[in-house]
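Trainee: structure for the following, please:
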Amino acid sequence: MRITAVDTFIMWGNPRNWVFVKISTDEPEIYGWGEATLEGKDATVRTAVGQLGEALIGKDPLETERLWQSLYKDGFWKGGVVINTAIAGIDQALWDIKGKHFGAPVYQLLGGPARDRIRLYTHVGIYEAHRIATEAQRHVAAGFTALKTGAWATDEHMGDYQHAALLGERIAVLRQAVGQDVDLMIDNHGKSRPAQAIRQLHAVKDSRITFFEEPVPPDNIEAFRPVRETARELGIDLATGERYFTKWQYAPLLAGQYVDVIQPDLCHAGGITEVKKIAALAEVHHVLVAPHNPQGPLSTAAAAHIGMSVPNYLMLEYVPSQPYRDKVVKEPWQIKDGYLHVPDRPGLGVDLDEDVIAANPPRSFAYFKNLRDDTGAVMDV
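Mentor: You can find the predicted model right below:
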C-alpha cells in the first residue's frame, strides 16, 4: 500500500473554521482523515500540509513513526505551531489508515483500552460572563459533570485587584449554580504576571476549583514557580500545555513539577505519535493529561483514542459546535451523561461527508481581537 494523495479541506465549524487532511492510497477503499485546525491560520496550514504532503507520495502509510521523524527532521527547520499542526493532521490521517488496514480502532494499536469511556467537560460563559449560571445549569442538566470558564476578553481594561475580585465573584456564582459535585476549571489564557495569578488563586480558593489553566504565559516556565507554591498551599491544581508542541518542550515543564495537568493539543502537538510519548513522559512525573480540544470531530476522535489508551488521562475538552459536527460526520459518536463513548470501528472511527464540507465554506471571523488597555498598549488575547 502506498500514499497517492494528500488533500486539505476547510469548512466552517462554529466558532472557528476546521481544517481537515485526507490521505488517499492505492487501495481506494483505504484512506485516512486527520485534523489540522489552527485558528486564524487556515491558509498557512493548508500550504504547510501541501508542502509536507509532497514528500509522502509513494511512501508506505503504515510507517507512522518513520514518517513522523521524516516530516519533523528532514526540513532542518523544526517545530513551531504551523509545522507541528500540519504534521499533526497528517499523523492522525496515517493512524486512521493504519487502523483501517489492520481492522482495529486506533486505541487498540496504542496498547488497548485503559478505560471504557472518556469523561468530557464543556465551556460556560467563555465569551459572555453573564451567561455562566444559565449555561452551566443547562449543561449539567444534559449530563456534564465538569465545566470550564474564564479568559474574558472584555475585562482587559480592569486593574489587577479589580479583575481578581470579579473573578472570585463570578466563580462563586458558578459554584452556587451547579452545587458541589460538578468539577469547575478556570482558563486564564496565560494573561497574568505571577503576582496577579496568585491574587486570582486566592480569589477562587473557596470555590473548589479542579484546575487553573495557563495562569501565566507559556514562554518562561520559571514564571510558574511562585504560582505553583501558592496553588499547592490552596489545594488547586495548575494546568498548561496547549501552546507546547513537542516532548522536548514538555520535558523541563514536567521535570520541574510545575503543573499537575498537561493539555497537549492533538492538532498542534504533532498528532497521535507525539502526544502518546508526551503522555508517557507525564506519567513518570504523576501528571495527568487533559487535551486541549476546542476544535472539530477529528481532533476529538484523536484525543479520545489517546485517552482510551493512556492510564494518566483526566478528561477531554469538548465544544459541541452544532449542527456542523453532527452534519459532517457520517456516523456521529454517542455522548451520554457527560461521557464520550468511542465506537469499536477501525481507525479513528470518523468518516466525513465531503458534500457537507463543500456546502459550509470557511468564513472570516474576528479571531484577532485587537485588545488594548486604557493607554492603547497591546494586550494578550
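
Trainee: and Ala129, what is it in contact with?
Mentor: By C-beta atoms under 8 Å, 6 or more residues apart in numbering, the contact set of Ala129 is Thr149, Trp152, Thr154, Asp155, Arg170. From N, CA and C alone the C-beta is placed, and that goes for glycine too.

Trainee: ok, for Ala86, nearest residue in space, not its chain neighbours?
Mentor: Ala48 (3.8 Å; C-beta to C-beta, 6 or more residues apart in numbering).

Trainee: what's the lowest-pLDDT member of the contacts of Ala129?
Mentor: Across the contacts of Ala129, the bottom pLDDT score, 71, is held by Thr154.

Trainee: pull up the gap between the residue nearest to that residue when sequence neighbours are not counted and Val173, please.
Mentor: Nearest non-adjacent residue to Thr154, counting by C-beta to C-beta, 6+ apart: Ala129, 7.5 Å away. According to C-beta to C-beta, to the nearest Å, Ala129 stands 9 Å off from Val173.

Trainee: so where do the helices sit in the stretch 151-300 of the chain?
Mentor: 160-178, 194-203, 224-234, 247-255, 271-284, 297-309 (DSSP state H, counting those that start in this stretch).

Trainee: which one of the ones you listed lies closest to Phe9?
Mentor: helix 297-309 (10.9 Å; C-beta to C-beta).

Trainee: kindly export the closest one (C-alpha atoms) in PDB.
Mentor: Presented in PDB, the C-alpha positions along helix 297-309 are these (Å, rounded to 0.1, in the frame of the first residue of the first chain):
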ATOM      1  CA  PRO A 297     -14.600  16.000  15.200                       C
ATOM      2  CA  LEU A 298     -11.300  14.500  14.100                       C
ATOM      3  CA  SER A 299      -9.400  16.400  16.800                       C
ATOM      4  CA  THR A 300     -11.900  15.000  19.300                       C
ATOM      5  CA  ALA A 301     -11.500  11.500  17.900                       C
ATOM      6  CA  ALA A 302      -7.700  11.500  18.000                       C
ATOM      7  CA  ALA A 303      -7.700  12.900  21.600                       C
ATOM      8  CA  ALA A 304     -10.300  10.200  22.600                       C
ATOM      9  CA  HIS A 305      -8.200   7.400  21.200                       C
ATOM     10  CA  ILE A 306      -5.200   8.700  23.200                       C
ATOM     11  CA  GLY A 307      -7.500   8.900  26.300                       C
ATOM     12  CA  MET A 308      -8.600   5.300  25.800                       C
ATOM     13  CA  SER A 309      -5.000   4.100  25.900                       C
END
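
Trainee: ok, Val329 - contacts?
Mentor: Pro297, Val350, Asp351, Leu352, Asp353.

Trainee: excluding chain neighbours, what is closest to the second one?
Mentor: Going back to what we said before, that points to Val350. With C-beta to C-beta, 6+ apart, the residue lying closest to Val350 is Ala301, at 4.7 Å.

Trainee: relative to Phe211, how far out is that neighbour?
Mentor: 24 Å.

Trainee: where does the prediction get shaky in this protein?
Mentor: Residue ranges of the chain with pLDDT under 70: 153, 156, 366-369.

Trainee: just how off-centre is stretch 19-26 within its chain?
Mentor: 21 Å (C-alpha atoms, centre = their mean, to the nearest Å).

Trainee: check stretch 111-120 too.
Mentor: 17 Å.
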